[in-house]
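Visitor: quick check, what structure comes out for this input:
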Amino acid sequence: MTIEQLLFIDIETVPLTRTYDELPEVMQQLWTKKSVLLDSVASPVQTYAERAGIYAEFGKIICIGLGYFVQENQELQLRVKTIYHHNEQVLLEEFAKRCSAFFKQHERIFCGHNIREFDIPYICRRTLIQNLQLSQPLRDLQRKKPWENTMLDTMQYWKFGEYKNFVSVELLATILGIPTPKDDIFGGDVARVYWEDNNLERVVAYCNKDIVTVAQLYLRLQGFPLLQNNQIHIIP
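Guide: Numbers count the residues shown, from 1 in each chain. Alright, predicted model coming up:
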């Protein structure tokens, strides 16, 4: 594997609807059942606003950040592109095209933080919910045994074989001396910024920063020098 084979990925998700009351009645009932398991004290309305976005059955993807390394003038460069759309079906179709094209060029490997447990499964589930075909790279992952899947997960790397530990991007970046992406909003703010502030562009900027941070984490964990600002390029 070479560093240019990595495709960094990060998704941002929100609840399916602005409020619990806007859900179809049957989905309200199903969330109420799930809500009791998540929090026996808080109301379904509260848990929906706070937690529905992390479940593919009750949430949706609003943007997908992608990043990859290239060598230019004998210097490593990071290219970052976040695709986004209010219509999740349109977004997932665009992602499938870009993903297939990227993997067709060379043998590629997905890389990200907690992508094995969150980003990749979430994308697959929402793709099927939207009645779309999984892109070839995602179909290939489904055919392989878990230990054969070609994914690099910085959280799994940091666990060093431990199963009970969870570490956020913010914490890992902080302790490893990498500028944190949480200088504007946090993950818990995404649903509010999207649904209440109607500011998808702000979420996209946050997603771009996450991609840059995870790429820096990968370099740091592999013992490579961190990128300087002039080596990072955000593609509009």
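Visitor: pull the longest strand from this protein.
Guide: Counting by DSSP state E, the longest strand found in the chain is strand 59-72.
Visitor: which parts of the protein are helices?
Guide: For the chain, the helices defined by DSSP state H cover 25-38, 44-51, 88-105, 120-129, 136-143, 154-159, 169-175, 190-191, 200-221.
Visitor: comparing these, which yields the minimum mean pLDDT?
Guide: With a mean of 83, helix 136-143 has the lowest mean pLDDT of the helices of the chain.
Visitor: rewinding a little: for Asn73, which of the helices of the chain is the nearest?
Guide: helix 200-221 (18.5 Å; CB to CB). Placement of C-beta: from N, CA and C, glycine included.
Visitor: contacts only, for the residue of the chain positioned farthest from its centre.
Guide: When distances are taken from the C-alpha mean of the chain, Asn73 lies farthest, 30.4 Å away, according to CA atoms, centre = their mean. Applying CB atoms under 8 Å, 6 or more residues apart in numbering to Asn73 gives no contacts.
Visitor: any idea how far it is from Pro15?
Guide: Distance, Asn73 to Pro15, using CB to CB, to the nearest Å: 45 Å.
Visitor: repeat for Leu152
Guide: As for Leu152, its distance to Pro15 is 30 Å (criterion: CB to CB).
Visitor: who's more crowded, the two?
Guide: A count of neighbours by other CB atoms under 10 Å puts Pro15 above the other of Leu152 and Pro15, at 24 against 20.
Visitor: that one and His233, how far apart?
Guide: According to CB to CB, Pro15 and His233 sit 33 Å apart.
Visitor: same question for Ala49.
Guide: Ala49 sits 36 Å away from His233, going by CB to CB.
Visitor: tell me which of the two has more neighbours.
Guide: Taking neighbours as other CB under 10 Å, Ala49 and His233 compare with Ala49 leading, 18 against 13.
Visitor: mind checking how far that one is from Leu226?
Guide: Distance from Ala49 to Leu226, by CB to CB: 37 Å.
Visitor: again with Leu141
Guide: Taken as CB to CB, the span from Leu141 to Leu226 is 29 Å.
Visitor: between these two, who's got more neighbours?
Guide: In this view Leu141 and Leu226 are compared by other CB under 10 Å, and Leu141 has more residues nearby, 20 against 14.
Visitor: and the residue lying closest to the more buried one once chain neighbours are set aside, how many neighbours?
Guide: Excluding the flanking residues, the one nearest Leu141 by CB to CB, 6 or more residues apart in numbering is Asn149, at 5.3 Å. Other residues within reach of Asn149, judged by other CB under 10 Å, total 16.
Visitor: for Lys182, give me the pLDDT.
Guide: With respect to pLDDT, Lys182 scores 59.
Visitor: related to what we said a few turns ago, what about the residue farthest from the centre of the chain, distance to Tyr218?
Guide: The gap separating Asn73 from Tyr218 is 22 Å, by CB to CB.
Visitor: what of Ser43?
Guide: Counting by CB to CB, the gap from Ser43 to Tyr218 is 41 Å.
Visitor: sorry, back to before: nearest to Gly65, of the helices of the chain?
Guide: Of the helices of the chain, nearest to Gly65 by CB to CB is helix 200-221, at 4.1 Å.
Visitor: any buried residues in stretch 35-50, and which?
Guide: Judged by neighbour count (16 or more other CB atoms under 10 Å), stretch 35-50 contains these buried residues: Ser35, Pro44, Thr47, Tyr48, Ala49.
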